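Participant: my questions are about this predicted structure, shown below with the sequence.
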Amino acid sequence: MLMGVLGVAVASTSQYLVLPFSPDPYVAWLASIYLILAGLSKPGLALLMTLGGGICGAGNTRVPMMVNAAGLYMFRIISSAILTRYINVFGAWTAMRTKLIFYIIYCRYFHRLIRRIA
């Protein structure tokens, strides 16, 4: 809930947050758009962190580590580099949205991923 509230706060005040960092209006506009998109994606990020932590707490640390590493290197970094060439800052945001794949993996296979400790 806290990440959701803070994400909305960042998204709604993004124009004012970037002013001290960039005197160029175009760069400030792009940074503002990115903060809006990143702020709105925070509730999903919080959910993924919670699900991954739940799987780790259930005794399986290998799968969340592999999922996070693959998500960072294969999906976020590489797809951001490719997509920003074609659709600017929206490419980076689209690459961040690929975490939806991991949400599906965690929810669908949660009972298979946890280890029975009884």
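Facilitator: In hand now; what should we look at? Numbering: from 1, shown residues only.

Participant: and for the closest residue to L19 other than its chain neighbours, the neighbour number?
Facilitator: Distances taken as CB to CB, 6 or more residues apart in numbering place A28 nearest to L19, at 6.4 Å, with adjacent residues excluded. C-beta here means a position set from N, CA and C on the backbone, and glycine is covered the same way. Here the number of neighbours of A28 (other CB atoms under 10 Å) works out to 18.

Participant: what does Q15 give?
Facilitator: 14.

Participant: hang on, it packs against I33?
Facilitator: No: counting by CB atoms under 8 Å, Q15 stays clear of I33, with 9.8 Å between them.

Participant: picking that back up, which residues touch the residue nearest to L19?
Facilitator: Residues near A28 by CB atoms under 8 Å, 6 or more residues apart in numbering: Q15, V18, L19, F21, S22.

Participant: need phi/psi at the last one.
Facilitator: When you say that, I think you mean S22. Here is the backbone geometry of S22 (degrees, to the nearest 10): phi -150, psi 120.

Participant: excluding chain neighbours, what is closest to it?
Facilitator: Sequence neighbours aside, A28 is the residue nearest to S22 in space, at 4.5 Å (criterion: CB to CB, 6+ apart).

Participant: helix or strand: which one has that neighbour?
Facilitator: helix 25-40 (DSSP states H and E).

Participant: what is the subsequent helix or strand relative to that helix?
Facilitator: Next helix or strand after helix 25-40 toward the C-terminus (DSSP H and E): helix 42-57.

Participant: how many residues are close by the closest residue to G71 other than its chain neighbours?
Facilitator: In this structure, G71 finds its nearest non-sequential neighbour in F102, 5.6 Å apart by CB to CB, 6+ apart. A count of nearby residues for F102, using other CB under 10 Å, gives 18.
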